[in-house]
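**Student:** here are the coordinates; sequence isn't available:
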């Protein structure tokens, strides 16, 4: 049996989603967070799923850390809007909070997603050692979001949601 057809879409590319999709939310802090998005993409590419899969990965190849983070900066605004639109469009939001990061934007996205997506499409991986793990546990419990502690369990939960 062959693996699933997987397409990876990164900003600023406009996503085309012929089947199911997953948005990779979570820690990106360069130099602190491992490239967990590449790991998850590789694992999902080997899985046999019933539909083609589009992975929406916000880890922009052409990111410039000198960009002013303000709504008046076109590149920055495009990035943030790409991420928000991707989370809205995705069938599943997979969030990984790396213990060596603070991930303030990811925590913001968790709050947005918890209230609007709840247990229908979001799954969170928050390993031991993440500095606000208790807050994440409480938010996930309150909004019925599945929370796991390792990347392998995140993959399994994502696959279950994609195949539901």
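**Tutor:** Perfect, thanks for sending it. The shown structure was predicted, so the numbers you read here are calculated from the model rather than taken from an experiment.
**Student:** which residues of the chain fall in strands?
**Tutor:** 6-9, 20-26, 53-56, 92-96, 122-125, 146-148 (DSSP state E).
**Student:** any chance of those strands in CSV, with mean neighbour count and mean pLDDT too?
**Tutor:** Where C-beta positions appear, they are placed from N, C-alpha and C, glycine not excepted. Shown next, in CSV, are the strands of the chain (neighbours: other C-beta atoms under 10 Å; pLDDT from 0 to 100):
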stretch, mean neighbour count, mean pLDDT
strand 6-9, 17, 95
strand 20-26, 25, 96
strand 53-56, 25, 97
strand 92-96, 26, 97
strand 122-125, 26, 97
strand 146-148, 18, 97
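**Student:** of those, which approaches residue 36 most closely?
**Tutor:** strand 92-96 (5.0 Å; C-beta to C-beta).
**Student:** against which helices or strands is the closest one packed?
**Tutor:** strand 20-26, helix 36-46, helix 104-116, strand 122-125, helix 151-163 (3 or more C-beta pairs under 8 Å, 6 or more residues apart in numbering; DSSP states H and E).
**Student:** who's in contact with it?
**Tutor:** 20-27, 36, 40, 87, 106, 109-110, 113, 117, 121-125, 151, 154, 157-158, 161-162 (C-beta atoms under 8 Å, 6 or more residues apart in numbering).
**Student:** and what of stretch 34-43?
**Tutor:** Residues from elsewhere that reach stretch 34-43 (C-beta under 8 Å, 6+ apart): 6, 8, 24, 26-28, 55, 57, 59, 94, 96, 98, 151, 154-155, 158.
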